[in-house]
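Peer 1: sequence first, predicted model second:
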Amino acid sequence: MGQAKNKIKQCPVTGRKISPRECGENRMSNYDCPANCPQNPWSPENYDHLRDIDHKTREKTLNRYRDEELKLYGHVHTPPNSETTFAATLFFLNRLYRERDSDGRTFADRWRAEGLNGLNNDQQQILVEEENARVALLEVQQVIDDRRVIVIDLLEKNPEPKLLMDCAFAATACRFSTLLTLIAEAPFFYRLHTAGIPCPEITGLSPLEILTTVVRHQKGPKTREAMRPWLFENLLTVVESFSAIQTARQAESFRTMDAAYSKTEYKLCGSREELIQRLDGLEEAHREDPLEENADEGFVDEWVWTEPSDLFGAGRAVLGRVLLHKKDRIRLETTSAKKRDTLRPQLEKLLNGLIRFTKQRTDDLSKQMLNRQNFNYDKSLVPKKLLKNPMQIENSCTCIPSDLEALSPTKMEESMMKEFDRTFLDSPIPALNDKTPREAASLPALRPALVELMKQHVHNRDKHNLQNGGQIDINPLIRELGLDEIDFPPPPPRSIPHRTNDEDFEEDAEDCDIYLTSEEVKKRAADLKSFGNLRSRFEKAFPEVITVIDSFLFDEGKIPMTVREPILDLATQTAFIVFHPDMPSLPEIYESDLMETMLDRVRDTDERSEDSPIGMEEPELMRFVNKKLQNLLDPGKDIAAVIIFFMAFTDELHHAMMDLIGQFLDDHPDLFD
């Protein structure tokens, strides 16, 4: 008896002490419980308890559904195996709460007529929330912690901030992420019913404008009020449309990408000393020691020709390289048709009377990548309006200012981003009718476009910080523009997302030394000499890597087959520098992932580049590979495709190692107690 009395608690609703039974049978149904009541499962502080209630409710509901289906039909209707998780969720929501029998009753109505037997009061409230699940277009305004996110539903006429509770979503959400999803509305917060799909990002269009365009393209309603019920009935089509739009815009970006690698050859027919004098006297060019591969080919002098760069507002962009051969040959190397067409006339004007054109070779890497990548999508799902202004991918290199070279990569990137923020305010932007952000902030007609533009900048900065463990704040930029309506605190520091979307990836992995140093690469490479038959193990462990090598590098005869074996040997060596040959099992690397990473390497060249092609994840390993490649391939041939492959391969090896480390930490949490 004494123990029962100790469980009696003061109830803020009744103003008296009540028993646990009275509390459980009446909370949130007969009693309007406040959010701060410690016994209220719907309190945000009791979210874990609510998740347990939700799990048990769904389990009981599906058991009841199974029993009823067997009784009525002799079998259970389930989603087809080909359906996605999104589709499966919709299937069950429709079967349980929307489809009606001959009496006009749903599954929930029939269960309710029997008193919802088997469900307690808390579980009955969950059932009501599930029954009223609706489509929402959520925009993140603030990430509070590892489970709480402030969002607005853009489908509402006057959206108001609302708390969303979801651990998986909070782990990766960024400000102004937009998600088309299904939500259940609890008394004090939203709950996600399914993961949802991000809204495509299109400069100049808000997420609501994009969704509205898709709905109207599918002959849907024109008013916002009628859109939500239509979306529930047609959500899978809209999800497919979003995916098709992303694919179509990506394909269009590659079709318009300028990645024409050119080598223009000249014969020196004048004074060698005069040529050197003219190039040395040019402010836009500076002499460097020839790259190793160029020196091996016989070039003895090299000039890097630059122009002011917009990349992060720092450094100078490389237009091309001018190489002088020991046997009176001149070569101009450029990485795009635009740079070639810009620089070639300037070079020929500067060296007029000293050189004579002999030949030019151009290899279009973007077309090769486009031909290899599968861009299949249903064109009928893509409104033409949403194909305009695809992302422009620029293939570029930048010479880093000398005052930044001594900084660590993290500090260098932080310094360059801050410089970008400083110069961005006064840079003309096409999406703002060529006005600067500072000018657009004072023009009412352009302010909405500026807000959408800055939302994308904030979102991208948050995503960059999340993926790289940084905390580079963009809010000073927002405040200087006076955009108070989008001035929200940045997300707190979070664990870097796991490649497999495992929300439980341990932060401790960040403290592990998983990046190979130059000394480690050299030592591991030397140690491999004591192992026999590594090539056979490589072919068995990584068959899809070999498929990519053959299809991407050798199918079109661009790279001579005589170097296939040496390249496979180098790939073998690279893999076992990362993973010890005695490991009992090696991770799989899939063709689709490797091809996608190669696409990423091309796309990212305008965001992160160096004077030599170094892999982002394992720079020292990639330097080692580069040196090996110079001895394997004819320096006179364009080896860009080979370099892109090895950059992607080293990245995939690095991420596979991170996955193994993350799994090890998950399995041994006591190591860091």
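Peer 2: On my side now, so go ahead. Keep in mind it's a predicted model, so treat the numbers as computed, not measured.
Peer 1: what pLDDT does Met561 get?
Peer 2: Note on Met561: pLDDT of 80.
Peer 1: that one contacts Leu553, doesn't it?
Peer 2: No. Met561 is beyond contact range of Leu553, at 9.8 Å (criterion: CB atoms under 8 Å). Yep, even glycine has a C-beta here, placed from its N, CA and C like the rest.
Peer 1: can you map out the strands along the stretch 251-400 of the chain?
Peer 2: Under the criterion DSSP state E, counting those that start in this stretch, strands of the stretch 251-400 of the chain are mapped to 260-268, 285-288, 299-308, 316-325, 329-334, 355-364, 398-399.
Peer 1: ok, Arg64 to Gly104 distance?
Peer 2: Note on Arg64: its distance to Gly104, by CB to CB, to the nearest Å, is 20 Å.
Peer 1: quick one on the thing from earlier: between Met561 and Leu553, which is the more surrounded one?
Peer 2: Neighbours were counted for Met561 and for Leu553 using other CB atoms under 10 Å; Leu553 has more, 21 against 10.
Peer 1: give the helix, strand or coil label for the residue lying closest to that one once chain neighbours are set aside.
Peer 2: Closest residue to Leu553 apart from its sequence neighbours, by CB to CB, 6 or more residues apart in numbering: Ile559 at 4.9 Å. The three-state label for Ile559, taken from DSSP: H, G, I helix; E, B strand; the rest coil, comes out as coil.
Peer 1: for Ile559, grab the count of nearby residues.
Peer 2: Ile559: 23 surrounding residues under other CB under 10 Å.
Peer 1: I'd say it and Asp550 touch.
Peer 2: No. Using CB under 8 Å, Ile559 is not in contact with Asp550, being 10.5 Å away.
Peer 1: give me every residue that touches the closest residue to Val300 other than its chain neighbours.
Peer 2: The shortest distance from Val300 to any non-neighbouring residue, by CB to CB, 6+ apart, is to Lys326 (5.0 Å). Counting by CB atoms under 8 Å, 6 or more residues apart in numbering, Lys326 touches Gly298, Phe299, Val300.
Peer 1: roughly how far does Lys326 sit from Thr212?
Peer 2: Lys326 sits 65 Å away from Thr212, going by CB to CB.
Peer 1: C-alpha coordinates for stretch 437-450, CSV please?
Peer 2: Extracted in CSV, the C-alpha atoms of stretch 437-450 (Å, rounded to 0.1, in the frame of the first residue of the first chain):
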residue,chain,number,x,y,z
PRO,A,437,23.3,41.4,-52.8
ARG,A,438,23.8,44.7,-50.9
GLU,A,439,21.9,46.6,-53.6
ALA,A,440,19.1,44.0,-53.8
ALA,A,441,18.6,44.2,-50.1
SER,A,442,17.3,47.8,-50.5
LEU,A,443,15.1,47.1,-53.5
PRO,A,444,11.7,45.7,-52.5
ALA,A,445,11.2,44.0,-55.9
LEU,A,446,14.4,42.0,-55.6
ARG,A,447,14.3,41.2,-51.9
PRO,A,448,12.3,38.0,-52.3
ALA,A,449,14.8,36.7,-54.8
LEU,A,450,17.6,37.7,-52.4
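Peer 1: so what touches that stretch?
Peer 2: By CB under 8 Å, 6+ apart, the residues outside stretch 437-450 that reach it are 204, 424-427, 429, 431-433, 435, 453-454, 480-483.
Peer 1: most surrounded residue in these?
Peer 2: Met454 (22 neighbours).
Peer 1: hmm, Leu483 and that one touching each other?
Peer 2: Yes. When contacts are counted by CB under 8 Å, Met454 is listed as touching Leu483 (5.9 Å).
Peer 1: how near is Asn63 to Gly118?
Peer 2: 8 Å.
Peer 1: which intervals of the stretch 351-500 of the chain have sub-threshold pLDDT?
Peer 2: 368-374, 391-413, 497-500 (pLDDT under 70).
Peer 1: helices along that one, start to end?
Peer 2: For the stretch 351-500 of the chain, helices defined by DSSP state H, counting those that start in this stretch occupy the ranges 365-372, 402-405, 409-424, 437-440, 447-468, 475-480.
Peer 1: quick one: closest of those helices to Gln277.
Peer 2: Closest approach to Gln277 among these (CB to CB): helix 402-405, 24.6 Å.
Peer 1: and the helices in the stretch 101-250 of the chain, which stretches?
Peer 2: 107-113, 121-131, 167-172, 207-217, 224-256.
Peer 1: a markdown table for those, including mean pLDDT and mean neighbour count?
Peer 2: Compiled in a markdown table, the helices of the stretch 101-250 of the chain are given as follows (pLDDT from 0 to 100; neighbours: other CB atoms under 10 Å):
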| stretch | mean pLDDT | mean neighbour count |
| --- | --- | --- |
| helix 107-113 | 96 | 16 |
| helix 121-131 | 95 | 19 |
| helix 167-172 | 91 | 18 |
| helix 207-217 | 95 | 20 |
| helix 224-256 | 89 | 17 |
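Peer 1: what would those look like in a markdown table with distance to Ile18?
Peer 2: Below are the helices of the stretch 101-250 of the chain laid out as a markdown table (distance: least, CB to CB, whole Å):
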| stretch | distance to Ile18 |
| --- | --- |
| helix 107-113 | 26 |
| helix 121-131 | 13 |
| helix 167-172 | 31 |
| helix 207-217 | 46 |
| helix 224-256 | 39 |
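Peer 1: closest to Lys628 out of those helices?
Peer 2: Evaluated over the helices of the stretch 101-250 of the chain, closeness to Lys628 peaks at helix 224-256, with 29.0 Å, by CB to CB.
Peer 1: in stretch 173-187, what counts as buried?
Peer 2: 173-184, 186 (16 or more other CB atoms under 10 Å).
Peer 1: of those, which belong to strands?
Peer 2: Members of these lying in strands (criterion: DSSP state E): Thr178, Leu179, Leu180, Thr181, Leu182, Ile183, Ala184.
Peer 1: who's in contact with the residue nearest to the spatial centre of the chain?
Peer 2: By CA atoms, centre = their mean, the chain has its centre lying nearest to Lys463, at 7.9 Å. By CB under 8 Å, 6+ apart, Lys463 lies in contact with Cys174.
Peer 1: for the stretch 551-673 of the chain, which spans come out with low pLDDT?
Peer 2: For the stretch 551-673 of the chain (pLDDT under 70), the answer is 555-558, 584, 601-617, 634-639, 661-673.
Peer 1: Ile643: what secondary structure?
Peer 2: Per three-state DSSP, Ile643 ends up helix.
Peer 1: do you know how far the residue nearest to Ala248 when sequence neighbours are not counted is from Leu432?
Peer 2: Take Ala248 and drop its neighbours on the chain: the residue closest to it by CB to CB, 6+ apart is Val382, 4.8 Å away. According to CB to CB, Val382 and Leu432 sit 26 Å apart.
Peer 1: and what of Lys367?
Peer 2: For Lys367, the distance to Leu432 (CB to CB) stands at 33 Å.
Peer 1: if we only consider the contacts of stretch 437-450, which is nearest to Leu354?
Peer 2: Out of these, the member with the shortest distance to Leu354 (by CB to CB) is Ser427, at 38.2 Å.
Peer 1: what does the closest one show for phi and psi?
Peer 2: The phi/psi pair for Ser427 (degrees, to the nearest 10) reads phi -100, psi 130.
Peer 1: quick check: closest non-adjacent residue to it.
Peer 2: Here the residue nearest Ser427, using CB to CB, 6+ apart, is Thr436, at 6.0 Å.
Peer 1: what count of nearby residues applies to the one you found?
Peer 2: 15.
Peer 1: that one against Ile429, yeah?
Peer 2: Yes. If you go by CB under 8 Å, Thr436 and Ile429 touch, sitting 6.9 Å apart.
Peer 1: quick one: residues in contact with stretch 259-270.
Peer 2: By CB under 8 Å, 6+ apart, stretch 259-270 touches 275, 324, 328-337, 340, 344, 351, 353-366, 369, 393, 395, 602, 638, 640.
Peer 1: so where's the stretch 1-150 of the chain shaky on pLDDT?
Peer 2: By pLDDT under 70, the weakly predicted segments of the stretch 1-150 of the chain are 1-6, 81-83.
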